[in-house]
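[1] Mind looking at a prediction? Sequence and model below.
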2 protein chains.
Amino acid sequence: MEALAKVTTAVPPSETLLPGAKQLLRDVSSPRPNCSTCNMLQWCIPANVEPENRRAIDQLVAKRLKLRKGETLFRPGEKFSTLFSIRLGSVKTVLLAEDGRDQVSGFHMAGDVIGTDGIGSEHHECQAIALEDTEVCAIPYSRIEELEHASPQVLRNMHRMLAEEIGRERRVMLMLGTLRADQRLAAFLIDLARRYHARGYSSSEYVLRMTRDEIGSFLGLKLETVSRLLSRLHREGVIQVQGRIIKILDPVALKHLIETSV
Amino acid sequence: MEALAKVTTAVPPSETLLPGAKQLLRDVSSPRPNCSTCNMLQWCIPANVEPENRRAIDQLVAKRLKLRKGETLFRPGEKFSTLFSIRLGSVKTVLLAEDGRDQVSGFHMAGDVIGTDGIGSEHHECQAIALEDTEVCAIPYSRIEELEHASPQVLRNMHRMLAEEIGRERRVMLMLGTLRADQRLAAFLIDLARRYHARGYSSSEYVLRMTRDEIGSFLGLKLETVSRLLSRLHREGVIQVQGRIIKILDPVALKHLIETSV
DNA sequence: CGCCGTCTTGACGAATCTCAAATAAAGTGG
DNA sequence: CCACTTTATTTGAGATTCGTCAAGACGGCG
């Protein structure tokens, strides 16, 4: 795996970046987090940074945090100050309404940057919860803003990320408003495949990190419907499902499903 | 009404701000658009501007445009350079998918600023179409950025607007993912009432500017469902519907409907 | 006045949800 | 590592919601 085993449970008093509950999260800033040797660098905020800024990016990450499954990274209303780059694991974001309704608004995997929802309003709008044991780099937004001035590439990366985020939300809206249940599920499976592929994994086989209930919440469906539709696609030979292991057998049929009207 | 009747059909060659189709829109920059005497000022980007910046804001608006019902202000893919503040009338924004699906993503009324979807990506992401005869102020984004440096109030207003936009999209997602048809419609009617009220109009009676089909598209429903549900709410005494005239008779019942599980 | 786009309403069917029970998988403590 | 508990998943039957198709009414406008 990696040399990240040593978990320092004590929070160093020097940099109290994270208020409240987050103090409980395990800080795993081994000796010192170091972007330039990080193997997630190519996906992250300082990707392809100019040679002259190489040294600067090692000042970017304040600390690394380790979350156990189910732990919360930030909550709605919390003051925004930090973006989090997922190094390892996966995270769901959940929207909460005043009346108690809630909905999974996204699933995020290694290489994704989360917390961007706070940039506009100074406060987080959703809750981020680890779907499995997860490690994130905490990057103070103020440092990003500084580096944006020095590095056009960092600015470009940030813009790309924010634009992707907006595009993602837009696709979700279109999906919820215009697609049937089976089409939503197909779109979901294809999107996951695409994202795993982009990270160098197989695009035809992967393991779901979330429950049927969480998938249903994201897609605006009940968990039983998700389960039934997975079974149906399996029966039809389009995919193969074994618990959370998904194999896409006929990607063309899957894509076609989204476009067919009945 | 207002002193806006004189429509100059000729586009002055001086400032060719808007490319392509937009040249066809009628420029109604009477002598010169003037924010400081505009009666929409309190809702707009330079609202509550500092006294020392009063003169600067009159350089903000490049021109005023008049759209007839059905005309398009901008389209997906078009280069972003300008925000539009609605002075009069109303506009819908429409998302388009590659496969032909489309969905109304929002309804915008006088006082709303549209075009913000282009800020992140440099290109517009949706199509803006006038629902009725409409007048907008075209505000070059570069001028806003300049003014943001001089005026903390303008910066604040911009942030507020963008945060509101994000919050609005978030609420739409939650609505589409978690509410039944009747609850969506109730939420829609309440939202319109709230927005009209904020603009000084009655919160219990208003005229819809869009068709049942457009409401359905926005809510992820078919037009027949929208019509049936309006009739049902009318029958139940919660609202009164006469064509596009809506009267909210029992706002409490309407709000309650959203929270009841069946 | 007649046309056309919009709206309403009914009947029917398909999609999706609810409730319930059985099964499978994952986590826990000895 | 096993037995036990808890959680997650599958599947069925029946109810409900919503969409589809079709016919007619309404209303603005040339």
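    Sure thing, it's come through. Numbers count the residues shown, from 1 in each chain, chains lettered A, B, ... in the order given.

[2] Tell me the pLDDT of A:Glu98.
    With respect to pLDDT, A:Glu98 scores 89.

[3] An error on my part: the question was meant for A:Leu162.
    Here, the pLDDT recorded for A:Leu162 equals 87.

[4] And for the one 4 residues further on?
    pLDDT, the model's per-residue confidence, is 85 for A:Ile166.

[5] do the same with the one 4 residues further on
    Per-residue confidence for A:Arg170 comes out at a pLDDT of 91.

[6] for DNA strand D, what are the nearby residues on chain A?
    Residues of chain A found near DNA strand D (CB under 7 Å from any atom of the strand) are A:208, A:211-213, A:223-224, A:226-228, A:230-231, A:241, A:243-244. Bear in mind the C-beta positions are built from the backbone N, C-alpha and C, glycine included.

[7] Now restrict these to buried residues only.
    Neighbour counting over the residues of chain A next to DNA strand D (16 or more other CB atoms under 10 Å in any protein chain shown) leaves A:Leu208, A:Arg212, A:Val226, A:Ser227, A:Arg228, A:Leu230, A:Val241 as the buried ones.

[8] Can you give me the distance of A:Phe218 to A:Gln153?
    Distance from A:Phe218 to A:Gln153, counting by CB to CB, to the nearest Å: 33 Å.

[9] Look at these two and report which has more neighbours.
    Neighbour totals were compared for A:Phe218 and A:Gln153, and A:Phe218 leads with 24 against 17 (other CB atoms under 10 Å in any protein chain shown).

[10] For that one, pull up the helix or strand it's in.
    Assigned by DSSP states H and E, A:Phe218 falls within helix A:212-219.

[11] Next, see if that helix gets close to chain B.
    Yes. Using CB under 8 Å from any CB of the partner chain, helix A:212-219 reaches chain B at A:Ser217, A:Phe218, A:Leu219.

[12] Adding pLDDT, write those out as TSV.
    TSV is the format used below for the residues of helix A:212-219 next to chain B (pLDDT from 0 to 100):
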residue	pLDDT
A:Ser217	98
A:Phe218	98
A:Leu219	98
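
[13] Name the nearest of the residues you listed relative to DNA strand C.
    Nearest to DNA strand C, judged by CB to the nearest atom of the strand, of the residues of helix A:212-219 next to chain B is A:Leu219 at 8.6 Å.

[14] before we move on, back to that, out of the residues of helix A:212-219 next to chain B, who's nearest A:Ser85?
    Closest approach to A:Ser85 among the residues of helix A:212-219 next to chain B (CB to CB): A:Phe218, at 21.8 Å.

[15] Is it correct that that closest one is in contact with A:Val104?
    Yes. With contact defined as CB atoms under 8 Å, A:Phe218 counts as touching A:Val104 (4.1 Å).

[16] Need the residues touching each of those two.
    Shared contacts of A:Phe218 and A:Val104 (CB atoms under 8 Å, 6 or more residues apart in numbering or on different chains): A:Met210.

[17] and the end-to-end length of stretch A:95-105?
    6 Å (CA to CA, to the nearest Å).

[18] And for the residue of the stretch 1-150 of chain A found nearest DNA strand D, the neighbour number?
    In the stretch 1-150 of chain A, the residue that lies nearest DNA strand D is A:Gly70 (8.9 Å; CB to the nearest atom of the strand). Using other CB under 10 Å, A:Gly70 has 10 other residues around it.

[19] can you check A:Ser261 too?
    Neighbour number of A:Ser261 under other CB under 10 Å is 6.

[20] can you confirm it is in a helix?
    No. Counting by DSSP: H, G, I helix; E, B strand; the rest coil, A:Ser261 is not part of a helix but coil.

[21] All the strands of the stretch 1-150 of chain A, residue numbers only.
    In the stretch 1-150 of chain A, the strands defined using DSSP state E, counting those that start in this stretch lie at A:26-27, A:63-67, A:72-74, A:82-88, A:90-96, A:102-109, A:113-114, A:127-130, A:134-140.

[22] what would those look like in TSV with mean neighbour count and distance to DNA strand C?
    Shown next, in TSV, are these (neighbours: other CB atoms under 10 Å in any protein chain shown; distance: least, CB to the nearest atom of the strand, whole Å):
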stretch	mean neighbour count	distance to DNA strand C
strand A:26-27	19	17
strand A:63-67	22	14
strand A:72-74	23	17
strand A:82-88	23	16
strand A:90-96	21	14
strand A:102-109	21	12
strand A:113-114	22	22
strand A:127-130	22	12
strand A:134-140	24	14
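
[23] Looking at those strands, which is nearest to A:Arg171?
    If we rank those by CB to CB, the stretch that ends up nearest is strand A:102-109, at 10.8 Å.

[24] Would the closest one count as contacting chain B?
    Yes. Using CB under 8 Å from any CB, strand A:102-109 reaches chain B at A:Asp102, A:Gln103, A:Ser105.

[25] for the record, mean pLDDT for that strand?
    Mean predicted confidence for strand A:102-109 is 97.

[26] go on, stretch A:250-259?
    So the average pLDDT for stretch A:250-259 ends up being 96.

[27] quick one: it to chain centroid distance?
    Remark: stretch A:250-259 is offset 25 Å from the chain centroid, using CA atoms, centre = their mean, to the nearest Å.

[28] hmm, it in reach of chain B?
    Yes. Using CB under 8 Å from any CB, stretch A:250-259 reaches chain B at A:Ile258, A:Glu259.

[29] Send me that stretch as PDB with only the CA atoms.
    C-alpha atoms of stretch A:250-259 as PDB (Å, rounded to 0.1, in the frame of the first residue of the first chain):
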ATOM      1  CA  ASP A 250     -22.500  -4.700 -23.100                       C
ATOM      2  CA  PRO A 251     -21.600  -1.000 -22.800                       C
ATOM      3  CA  VAL A 252     -23.200  -0.200 -26.100                       C
ATOM      4  CA  ALA A 253     -26.600  -1.500 -25.000                       C
ATOM      5  CA  LEU A 254     -26.200   0.400 -21.800                       C
ATOM      6  CA  LYS A 255     -25.600   3.700 -23.600                       C
ATOM      7  CA  HIS A 256     -28.400   2.900 -26.000                       C
ATOM      8  CA  LEU A 257     -30.800   2.400 -23.200                       C
ATOM      9  CA  ILE A 258     -30.400   6.000 -22.100                       C
ATOM     10  CA  GLU A 259     -31.500   7.300 -25.500                       C
END
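
[30] Buried residues, that stretch. List them.
    Applying 16+ other CB under 10 Å to stretch A:250-259 flags A:Pro251, A:Leu254, A:Leu257, A:Ile258 as buried.

[31] Name all residues that make contact with the nearest residue to A:Ile215 once chain neighbours are set aside.
    Excluding its sequence neighbours, the residue lying closest to A:Ile215 (CB to CB, 6 or more residues apart in numbering or on different chains) is A:Val226, at 5.0 Å. By CB under 8 Å, 6+ apart, the contact set of A:Val226 is A:Leu185, A:Arg212, A:Ile215, A:Gly216, A:Leu219.
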